[in-house]
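# When you get a sec, could you give me coordinates for this:
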Amino acid sequence: MIEQRAGATARLVIGIEFLVAVVVILYAGLREYRNVFDGAPQAVPVRVEASCSAAVVSASCHAAAEEFTTGRHRITTDAAGPLTVRVSTDDPERARNLLVRVARPATVTLAVSSRPATEAIELTNAGRVVVPLPETKSFTLSFEVDEQTTAGPIVLEELGVFERREGLLKDTRRFFPAIPPERYTRLVQRGVAALCMFTVIAAIFLPPSALKRHAPVVLSLVCFSLCLLDLTVLFSPYVARDLRSFYASGPLLEPAGANLNGGLYQGMRLLDGHGLTTRDGVVPWERMPGYGLFCATAGTFFGHRSLVDLAISTVLLQTVFYSAALGVFAAAAMQLFTPAGVWAVGMLIAWLPKQLGFTQVDAVIAPAALLILAALAIRIDRVRRAQPVPIAVDILVHASFALWFVLRPDVLPGWAVVSIVLHAKQWRRLLIPATFFLVVGAAWGAYKAHYTGEFALTTTSAGASLFCGLFEVPSRFRFAQACTDETYFDWIHQLTPFQPQSAAANSFATREVLRFWATYPGHVIVMVYDKMMQVLNGDLWPGYVTQLQVAVFSIVPRYYVVMALLSVIAVCVAIGYERARTLLLGWPLFLNAPLFFVMFASLGRFYSAVGIALLAASIPQLFEPRFYATLWTRKRQAALAVAAVAAFAMTAWPIRTWLLGYDTLHYWTPLLDPAGSVLAVFK
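Coordinates of the predicted model:
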C-alpha cells in the first residue's frame, strides 16, 4: 500500500514538473514573437528626404530612401560622399529618439542639425545606435566619412524615430533584465533544450490517456515556441538583424526570381492580378507553382502591403504550417505508437534545426512530409487492424503526396514506389496517384506553355540539377565545387543554340550527364558515396543550428546520433518488428535522399523531410515494451544488425578518404572515350 502511494506521489510530482517545463518552454518562445516579427516598437510617422554630394567634384551622387515598414527607412547612396537626410514630423512631442543602424562603411560621423544643435556622434556598423532628439518638427541628419580611410557609399539599414528608448537596444523582459540580449538568448536556448529532453523522459510516467488526448495540441504550441526561439538567433534586432531589415537589405535587392525572393514576387504578382510570374511574361523554369501560391496565401491572411510585409507574412505562415503539421502528425500517430513515443518523436521534430526564416520552398517541405507521414499512419493503422482501407484514406495519402509535388517535383520517384507497394493487391487504386500527378502536372504545364510555348509536366531544371550535382564532390574537373546557375547557363550557350531554361536545353544536359556517368563510372561512385556520407554526417537535418541543438550535438556529434537511429531501423527490419511500418514511415530516407546523391544537393538544404522520416521511423519503437520483448527473442539477428551498422560507422570515413584520393578509380574510363563527352574538361 505504501509503495502504491509512493508511486502515485512520484507520478504526480513528475506530472507537475512536466507541466511546469512545458509552460516555461511556451513562455520562453512566445515572448519573442514581437521581437522577431515586428523588430521594433511602433515608430513615429515621419517624412524623409535624402540627398548626397560626391566626394569627387567630377562625379555625381544619388541617394535613395525606402520605407520598408511603417516609420523605418533604408537609405543608401551610390557613390562616396556625405549623406544628408531631412526628417520632418507632425508629432514632435513623440519624436524624441533616433534609431540608426549603419551597414557600411565601418565608421560614420553623425551630426544632428536642429534647434538646439547637438554634438557630432561617431557611429559604427556594430549594431543599432539610439540618439536623443530635441522636440522639433524637423531636423537634418548629416552623415560623413573619412574618405581617406573608408571611401565608398553609405548604407543605413534602418533609420527611424521613436517616442521612447525602451525596446530599441535591448528587449524589455520581466525576468533577468540585466543580462545582455545575446547571452540571455544563449542561456534560454540551452535551458529550453534541457527542458525538452526532460519532458521526453517524464512523458513515460504520465497517464497515457491524458497524454493521448492533449499531446497533439500541446506539441503544436511547443513547436511554435521553439520555432520562435530559433528565429530569434538569426533575426532578433538585439542579437542580429531583425527579419524586416534582413529582407529589405538583402533578398529583395536581388533580381526577381532569386532563391529567397522568387516565391515572394510570384505571390505578390498573383495578388495584384499578374499571375504566377516573377516578371512580365516570365514564369519560373526551375520551380513548381506551390510556393508562389503559398506566399499569396500568406499575404491574404497576414498582409501584403509591400514585399517586405509579404516576406514577414510568409515566414509567419511557414512557422504556423510547420507547427500545425506536427500536431496533425501527432494526432494520427497516436493510433500507431504509445503516447510517450509520440511525444518523444514530436518533441524531437520540433527541436530540430529549421529553415523557416528563409522564404524558399525548402522551408515548407518538412511540414509537407509530416502530412504524408500522418496520412500513412492512418492507413497503416487500418491495415494493422486487418480492416479494409477506405478509398477516402488512399485519396488522403496521395493528396498529401500531391501537395509535395505542387511544391517540389523530387517526390515523384518515392511517390511512385510507395504507391506500387501500397496498391500491389489493388492495382486499380494506382489510378489515384496517377490522376493527382496528371492534374497537377498538366495544369502547371499548360499554364507555363502560355508563356514559354513548351509543355512540361514538371520543371525543366532536371538537367541543370544533374549538371551541378556532378561537381559537388572534390575532383579535377573544370566545374568542381563551383557550379551555379550562371555556370550552367554559360555552358548551355557555349554548346547549343537553346535557351538554358528550355526543355531542349534540359534534355541536352540530361543526355550529356548520362554520357559522363558512363564515361567516368568511378566518379559516380565517389560522388554518390561522398554525398551519402554528408547526409549521415548531419546534412539530413538542414537549417541553422542554434543553441537549442548545440546543447545536444556538442555532447554527441550528429554522425553518431544518425548511426544510432539507423541501428534501430536495422534492428526492426532484422527481427521483423513492425517492419512494414518502419520502412513506410522512413520512405524519404530510402527513396528521396538518394535522388540528391546524383542531383544538386545544395549543401543539404533539400533533405529536411529525410531527417524527420528518420526520427519517425526509429524513435517510437524505443517506447514500446513489445519491441524489447521481440528483441529478446531474436537476439542473434539484432546483434548482427547492430554489428553491421557499427562496422559501417567505423569504416565509412576512412573509405571516403581512400576514395577521394584514389585517382585511378576516380578517373577510370572503361566504357567510353572521354573525348566524346563535352563535360570531360579538366582544370
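
# which stretches of the stretch 1-150 of the chain form helices?
2-30, 33-37 (DSSP state H, counting those that start in this stretch).

# For the residue nearest the centre of the chain, identify the helix or strand it belongs to.
Geometric centre of the chain, nearest residue: Gln355, 1.9 Å, by C-alpha atoms, centre = their mean. According to DSSP states H and E, Gln355 maps onto no helix or strand at all.

# what comes up buried for the helix or strand Leu631 falls within?
If you go by DSSP H and E, Leu631 is part of helix 625-633. The neighbour-count check on helix 625-633 (16 or more other C-beta atoms under 10 Å) flags Phe627, Thr630, Leu631 as buried. No exception for glycine: its C-beta is placed from N, CA and C like everyone else's.

# ok, back up a step: correct me, but the residue nearest to the centre of the chain touches Ala609?
No. Contact between Gln355 and Ala609 fails when scored by C-beta atoms under 8 Å: they sit 11.8 Å apart.

# Next, show the common contact partners of those two.
Any residue near both Gln355 and Ala609 by C-beta atoms under 8 Å, 6 or more residues apart in numbering counts here, and that gives Ala366.

# which ones are touching the closest residue to Ala63 other than its chain neighbours?
With sequence-adjacent residues excluded and distances taken as C-beta to C-beta, 6 or more residues apart in numbering, Ala63 is closest to Ala50, at 3.9 Å. With contact set as C-beta under 8 Å, 6+ apart, Ala50 has these partners: Ala63, Ala64, Ala65, Ile75, Leu83, Thr84, Val85, Arg86.

# Tell me which of those fall in strands.
Among these, the members falling in strands (DSSP state E) are Ala63, Ala64, Ala65, Ile75, Leu83, Thr84, Val85, Arg86.

# Which members of the residues you listed are the farthest-apart pair?
Ala64 and Arg86 (14.4 Å; C-beta to C-beta).

# export the helices of the stretch 1-150 of the chain to CSV and tack on mean neighbour count?
Shown next, in CSV, are the helices of the stretch 1-150 of the chain (neighbours: other C-beta atoms under 10 Å):
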stretch, mean neighbour count
helix 2-30, 14
helix 33-37, 20
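
# Relative to Val145, which of these is closest?
helix 33-37 (31.0 Å).

# Distance from the chain centre to the closest one, please.
18 Å (C-alpha atoms, centre = their mean, to the nearest Å).

# all strands for the protein, in order.
Under DSSP E, the chain gives strands at 47-52, 63-69, 72-77, 83-88, 97-104, 107-113, 121-124, 128-132, 138-144, 155-162.

# TSV please, covering those strands and showing distance to Gly469 and mean pLDDT.
Output for those, formatted as TSV (distance: least, C-beta to C-beta, whole Å; pLDDT from 0 to 100):
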stretch	distance to Gly469	mean pLDDT
strand 47-52	46	94
strand 63-69	37	92
strand 72-77	37	94
strand 83-88	46	93
strand 97-104	35	92
strand 107-113	44	88
strand 121-124	43	86
strand 128-132	42	91
strand 138-144	47	91
strand 155-162	36	94
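
# With distance to Ala616 added, can I get the ones you listed in a markdown table?
Putting the strands of the chain into a markdown table (distance: least, C-beta to C-beta, whole Å) gives the following:
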| stretch | distance to Ala616 |
| --- | --- |
| strand 47-52 | 51 |
| strand 63-69 | 39 |
| strand 72-77 | 42 |
| strand 83-88 | 54 |
| strand 97-104 | 42 |
| strand 107-113 | 52 |
| strand 121-124 | 48 |
| strand 128-132 | 42 |
| strand 138-144 | 54 |
| strand 155-162 | 41 |
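
# Any idea which of the ones you listed gets closest to Lys212?
Using C-beta to C-beta, the strands of the chain put strand 63-69 closest to Lys212, at 43.3 Å.

# So what's the gap between that closest one and the chain middle?
Taking C-alpha atoms, centre = their mean, the mean C-alpha location of strand 63-69 is offset from the chain mean by 28 Å.

# quick one: Ala449 and Ala482, what's the gap?
Distance, Ala449 to Ala482, by C-beta to C-beta, to the nearest Å: 34 Å.

# Which pLDDT value belongs to Thr118?
For Thr118, the pLDDT comes out at 63.

# whoops, Thr149 was the one
60.

# Over to Gly15?
91.

# Can you tell me the closest non-neighbouring residue to it?
For Gly15, the spatially nearest residue (C-beta to C-beta, 6+ apart) is Leu206, at 5.8 Å.

# State the phi and psi torsions of the one you found.
phi -90, psi 160 (degrees, to the nearest 10).

# Return the residues in contact with it.
With C-beta under 8 Å, 6+ apart, Leu206 has these contacts: Arg11, Ile14, Gly15, Phe18, Pro339, Ala340.

# And it, how far from Leu615?
20 Å.

# Please apply the same query to Ala462.
Distance from Ala462 to Leu615, by C-beta to C-beta: 29 Å.

# Run through the bridge partners of Phe102.
Not Phe; residue 102 is Val. Under DSSP bridges, the beta-bridge partners of Val102 are Leu156.

# just to revisit the earlier point, which helices and strands does the helix holding Leu631 pack with?
Contacts defined by 3 or more C-beta pairs under 8 Å, 6 or more residues apart in numbering; DSSP states H and E place helix 625-633 against helix 558-575.

# rerun at 10 Å
helix 558-575, helix 635-661 (3 or more C-beta pairs under 10 Å, 6 or more residues apart in numbering; DSSP states H and E).

# for the shortest one, the distance to its chain's centre please.
Just to be clear, that refers to helix 558-575. With C-alpha atoms, centre = their mean, you get 25 Å for helix 558-575.

# Show residues contacting stretch 119-129.
Stretch 119-129 has contacts (C-beta atoms under 10 Å, 6 or more residues apart in numbering) with 40, 98-112, 131, 142-144, 155-158, 168-170, 237-242, 245.

# Now the buried members of the residues you listed.
Buried among those (16+ other C-beta under 10 Å): 40, 98-105, 108, 110-112, 143-144, 155-158, 168, 170, 237-242, 245.

# where's the closest residue in space to Trp653 that isn't next to it in sequence relative to Pro654, distance?
Nearest residue to Trp653, sequence neighbours excluded (C-beta to C-beta, 6+ apart): Met533, at 7.0 Å. Going from Met533 to Pro654 by C-beta to C-beta gives 11 Å.

# The two: which is more packed in?
The neighbour count for Met533 versus Pro654, taken as other C-beta atoms under 10 Å, is higher for Met533 (16 against 9).

# ok, Val85 - contacts?
48-52, 63, 65, 73, 75, 100, 110, 139-143, 156, 159.

# if we go to 7 Å?
Shown in contact with Val85 (C-beta atoms under 7 Å, 6 or more residues apart in numbering): Val48, Ala50, Ile75, Leu141.

# Looking at these, which one is closest to Ile420?
Ile75 (58.8 Å).

# so what's that closest one bridging to?
If you apply DSSP bridges, the partners that Ile75 bridges to are Ala65, Leu156.

# So it sits against Ala65, correct?
Yes. The pair Ile75 / Ala65 is scored as a contact, 4.7 Å apart, by C-beta atoms under 7 Å.

# When the two are compared, which one has more neighbours?
The neighbour count for Ile75 versus Ala65, taken as other C-beta under 10 Å, is higher for Ile75 (22 against 16).

# circling back: and of the contacts of Leu206, the nearest to Met268?
Pro339 (43.4 Å).

# so that closest one makes contact with Pro216?
No. Using C-beta under 7 Å, Pro339 makes no contact with Pro216, being 10.1 Å away.

# These two: who's more crowded?
Pro339 (23 against 20).

# how close does Val361 sit to Thr657?
Val361 is 35 Å from Thr657, by C-beta to C-beta.

# Which one's more surrounded, the two?
Taking other C-beta under 10 Å, Val361 and Thr657 do not tie; Val361 has more neighbours (23 against 10).
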